[in-house]
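1. Dropping a prediction and its sequence here:
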Amino acid sequence: MTRTVFSGGRVFDGSGSEAAEADVVVQDGRIVDVGSGLDGDERVDATGHTVLPGLFDCHVHVTLSGVNPLSILNSPFSLQFYEAAENLRTTLACGITSVRDASGADLGIAEALRRGMIPGPRTQISISMLSQTGGHGDDWMSCGAVVPTFLPHPGRPSSVVDGPDEVRRKVRELVRDGADVIKMATTGGVLSPRSDPKRAHFRDEEIAVAVQEATAAGIAVMAHAQGTAGILAAVRNGVRSIEHGIHLTDEAIDLMLERGTWLVPTLLAPRDAIAAADAGVLTPEMAAKARAGLESHVASITAAAAAGVRIAMGTDSGVGPHGRNLDELSLMVECGMSPAAALHAATGSAAELLGVGEELGAVEPGKRADLVLVEGDAADLIRSGAGALRGGVRGVWQDGVRVS
Ligand SMILES: [Zn+2]
């Protein structure tokens, strides 16, 4: 079998340590050796480059291509699946070889990827986000019309639920429909017509039953959580990751540390929402909500990173354009994380959050050969600001096969 050696470059191994000079040998889709002076049948010249583990984005919406309600209303229903194929290809090309879809993608998309019918990152799906009446997933407009961002269909049920019994039934339904993770909104959000991001949604017994049912099915719960009370409720009831985490307090950070809860910051998300507001496509209420959270978001992520909360990279791509995912790492560095810590959040830490750390997220023998070749020093590029790292990507491999 062909041995391919990536030689002459620096390797970021995914652990959070700084990159160091090393060669990497790939055979049969796996990394088989990492060290100096290695040889192979084929050589990828990595001189002047950094070799990274395939990167993760733990919060994307691949069926979403922007948040302009008029354009969503005027898109044919099935167009979203073709757009998803394009968004997945774009995401893969920027070096993201694994994603977690935070609602929208259904089992058909996951299956098309598994069968190799469309190129894209390895994808975990949540299908539909559990939301209480009036919550972040309730698309009821003030005029009385319901204008869904993700129109329910046979593989993507409506998921506005109230009370433990409805939550239990919906989690079971989503598990049946192929969910790899359950997503639940424990606060309001920016891009929902009538919800307040600072308010806690669902009571403890509702969150607890979602976690119980997910756990029984062998999967985890991710919580869209912006306000403090909803973050605390999610963490104390066993949610695995807090998405967004706009209004963290010392109490919330301490509880996350105690419980080992991950934080998926999505620093790009409010910026993309504000860009949409500036373009005039959001209601004034949504625009005001997006702007109101920005400062607190940066302060929260800065404090959480300094305290040592486990962080996994996520962007909310779909709210903004797909393919800019790597810009998130530069925003993380602006919150005080080192480039190596930001890279760790997008590799080893993210792989652990998604339960695939045995196979992915590191450049070490035995792991699947998902690799990204970046021209230059990846840490310098991240420090240079948004756009630099993504502009430096020169090649992407999945299972040792070059895919971009
Ligand atoms: Zn999202």
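-> Nice, thanks for sending it over. Quantities reported herein were computed from a predicted structural model and do not represent experimental measurements.
2. mind listing what the spatially closest residue to residue 72 that is not a sequence neighbour touches?
-> Distance criterion C-beta to C-beta, 6 or more residues apart in numbering; nearest residue to residue 72, sequence neighbours excluded, is residue 149 at 6.3 Å. For every residue, glycine as well, the C-beta is placed using N, CA and C. Residue 149 makes contact with 64, 67, 72, 139, 191 under the criterion C-beta atoms under 8 Å, 6 or more residues apart in numbering.
3. Identify the residues contacting the fourth one.
-> This points to residue 139. Residue 139 makes contact with 146, 147, 148, 149, 192, 193 under the criterion C-beta under 8 Å, 6+ apart.
4. Mind pulling up the pLDDT for the last one?
-> Okay, so that is residue 193. With respect to pLDDT, residue 193 has a value of 88.
5. Which strand or helix spans it?
-> Secondary structure assignment for residue 193, by DSSP states H and E: no helix or strand.
6. and it, backbone torsions?
-> Phi and psi for residue 193, reported as degrees, to the nearest 10, are phi -60, psi -40.
7. I'd like to know how far the closest residue to it other than its chain neighbours sits from the ion.
-> Counting by C-beta to C-beta, 6+ apart, residue 141 is the residue found nearest to residue 193 once chain neighbours are left out, at 5.1 Å. Distance, residue 141 to the ion, by C-beta to the ion, to the nearest Å: 20 Å.
8. Just give me the neighbour total for residue 141.
-> Applying other C-beta atoms under 10 Å, we find 12 other residues in the vicinity of residue 141.
9. returning to what we had before: tell me which element the residue nearest to residue 72 falls in.
-> With DSSP H and E as the criterion, residue 149 is inside neither a helix nor a strand.
10. List the buried residues of the least confident helix or strand in the chain by mean pLDDT.
-> Least confident element among the helices and strands of the chain, by mean pLDDT, DSSP states H and E: helix 69-73 (a mean of 91). For helix 69-73, the neighbour count (16 or more other C-beta atoms under 10 Å) marks 69, 72 as buried.
11. Quick one: distance of the longest helix along the chain to the chain centre.
-> Longest helix in the chain by number of residues, with DSSP state H as the criterion: helix 284-307. Relative to its chain's centre, helix 284-307 lies at 18 Å (C-alpha atoms, centre = their mean, to the nearest Å).
12. Buried by neighbour count: which residues of it qualify?
-> Neighbour-count burial for helix 284-307, counted by 16+ other C-beta under 10 Å, picks out 286-287, 289-290, 293, 296-298, 300-305.
13. List the buried residues for the helix or strand containing residue 113?
-> Using DSSP H and E, residue 113 maps to helix 107-114. Using 16+ other C-beta under 10 Å as the test for burial, helix 107-114 gives 107, 108, 109, 110, 112, 113.
14. can you put those residues in a markdown table and add pLDDT and distance to residue 40?
-> Below are those laid out as a markdown table (pLDDT from 0 to 100; distance: C-beta to C-beta, whole Å):
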| residue | pLDDT | distance to residue 40 |
| --- | --- | --- |
| 107 | 98 | 38 |
| 108 | 98 | 38 |
| 109 | 98 | 35 |
| 110 | 98 | 33 |
| 112 | 98 | 33 |
| 113 | 98 | 29 |
